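Here is a sequence together with a model predicted from it:
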Amino acid sequence: MGVHASVWPVLAIESLVCAVRSMAFLVPNGLGVQEVAYAAIAPLFGIGAEIGLAISVLRRAREIAVGLPILLLWQWSEGRSFLAFKSVAARRARQST
């Protein structure tokens, strides 16, 4: 991204963003909280707000890239279980009549 930052400011920003997300635990998945935290905290350490927001979007994309396939796999598994249960229930209903 063309930003040269040492390790300590980056660790401080990450720590503060994690602290803010922890304090906002009632917000589902920290939607909006992470973005605002990066945009507000990054300038305090000499990194522009736009860079902080870009980092936030990259982190959010990583969460989506990891989480979305898992959610799709879970949905597929639950769908198969539901269809199997439904077919067993229909078979039992036909046998009882």
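Done, it's in.

center of the chain - which residue?
Residue closest to the average C-alpha location in the chain (Cα atoms, centre = their mean): residue 63, at 4.1 Å.

how about that one, what does it touch?
residue 29 (Cβ atoms under 8 Å, 6 or more residues apart in numbering). C-beta coordinates here come from the backbone N, C-alpha and C atoms, glycine included.

Give me the three-state assignment for it.
With DSSP: H, G, I helix; E, B strand; the rest coil as the basis, the three-state label of residue 63 is helix.

So, low pLDDT: which residues of the protein?
1, 97 (pLDDT under 70).

show me where it has helices.
Along the chain, counting by DSSP state H, helices occupy 7-23, 33-41, 49-96.

Just name the most buried of the ones you listed.
Of all the helices of the chain, helix 33-41 carries the top mean neighbour count, a mean of 20, counting by mean count of other Cβ atoms under 10 Å.

Kindly calculate the angle that it makes with helix 7-23.
140 degrees (axes from the mean of the first three to the mean of the last three Cα atoms, to 10 degrees).

Show me the contact partners of helix 33-41.
13, 16-17, 20-21, 24, 27, 49, 52-53, 55-57, 59-60.

Report the angle between it and helix 49-96.
Compare the direction of helix 33-41 with that of helix 49-96 by the same axes, to 10 degrees and you get 180 degrees.

Can you tell me, leaving aside adjacent residues, what's nearest to residue 9?
Nearest residue to residue 9, sequence neighbours excluded (Cβ to Cβ, 6 or more residues apart in numbering): residue 45, at 4.0 Å.

Is the one you found in contact with residue 6, as I believe?
No. In this structure, residue 45 is not within contact of residue 6 by Cβ atoms under 8 Å, at 9.6 Å.

Which residue of those two possesses the greater neighbour count?
Neighbours per residue (other Cβ atoms under 10 Å) separate residue 45 from residue 6, with residue 45 holding more: 15 against 9.

separation between that one and residue 57?
Remark: distance between residue 45 and residue 57 (Cβ to Cβ, to the nearest Å) = 19 Å.
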